[in-house]
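> sequence and computational prediction follow.
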Amino acid sequence: MDHAVIEKFIIDQWMLIAVAVTSGLMLVWPMIAGARAKSGAMSTLAATQLINQKDAVVIDIRDQGEYAAGHILNAKNFPEKVFAERKNELEKLKSVPIILSCDNGQRAGAAAQKLRDMGFADVHVLQGGLNAWREAGLPVTK
């Protein structure tokens, strides 16, 4: 075989592999994106839009000391461990979208599931938590 023919064959094979990988990723991406949407994770931009357009309530699930050190403007403090004790207060918020916040978004996922189990339908987790909120230059208060 001619060297040029072999080289073209190799290039064609790599192109075929690239097309296969790309198409595979295109098939898998909607599942990945859907899982994120199902978890209710939301960016700071999406959160501010939800707050401004649909009067979403931000619930800070950190303990009182962490909340007192700084929190999102107008956020309500409901530490996750007192959800059951303060169920009546939480019930009043069932009709509005809820955005859960913690320091970095890690703890809020479990709290979101607890609220969903309590019958809350429109629950979101602030991706990156208070840290992301601060990095975006959004208002924080003590």
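Structure received.

> going forward, measure contacts between C-alpha atoms and count neighbours the same way
OK.

> quick one, helices of this structure?
3-39, 44-54, 64-69, 87-91, 106-117, 129-135 (DSSP state H).

> looking at these, which has the lowest confidence?
With a mean of 68, helix 3-39 has the lowest mean pLDDT of the helices of the chain.

> ok, back up a step: Throw the helices of the chain into CSV and include mean neighbour count and distance to Leu100, thanks.
Below are the helices of the chain laid out as CSV (neighbours: other Cα atoms under 10 Å; distance: least, Cα to Cα, whole Å):
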stretch, mean neighbour count, distance to Leu100
helix 3-39, 11, 12
helix 44-54, 15, 10
helix 64-69, 13, 13
helix 87-91, 13, 12
helix 106-117, 18, 6
helix 129-135, 18, 8
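
> these: which one's closest to Pro97?
Closest to Pro97 of these is helix 44-54 (Cα to Cα; 7.3 Å).

> alpha carbons only: can I get that closest one in PDB?
What follows is helix 44-54, C-alpha atoms only, in PDB (Å, rounded to 0.1, in the frame of the first residue of the first chain):
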ATOM      1  CA  THR A  44     -27.600  32.900  40.900                       C
ATOM      2  CA  LEU A  45     -28.900  34.500  37.700                       C
ATOM      3  CA  ALA A  46     -31.900  32.100  37.500                       C
ATOM      4  CA  ALA A  47     -32.500  32.600  41.300                       C
ATOM      5  CA  THR A  48     -32.600  36.400  41.000                       C
ATOM      6  CA  GLN A  49     -35.000  36.100  38.100                       C
ATOM      7  CA  LEU A  50     -37.300  33.800  40.100                       C
ATOM      8  CA  ILE A  51     -37.200  36.100  43.100                       C
ATOM      9  CA  ASN A  52     -38.000  39.200  40.900                       C
ATOM     10  CA  GLN A  53     -40.500  37.600  38.600                       C
ATOM     11  CA  LYS A  54     -42.300  35.100  40.900                       C
END
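
> sweet, I'm off.
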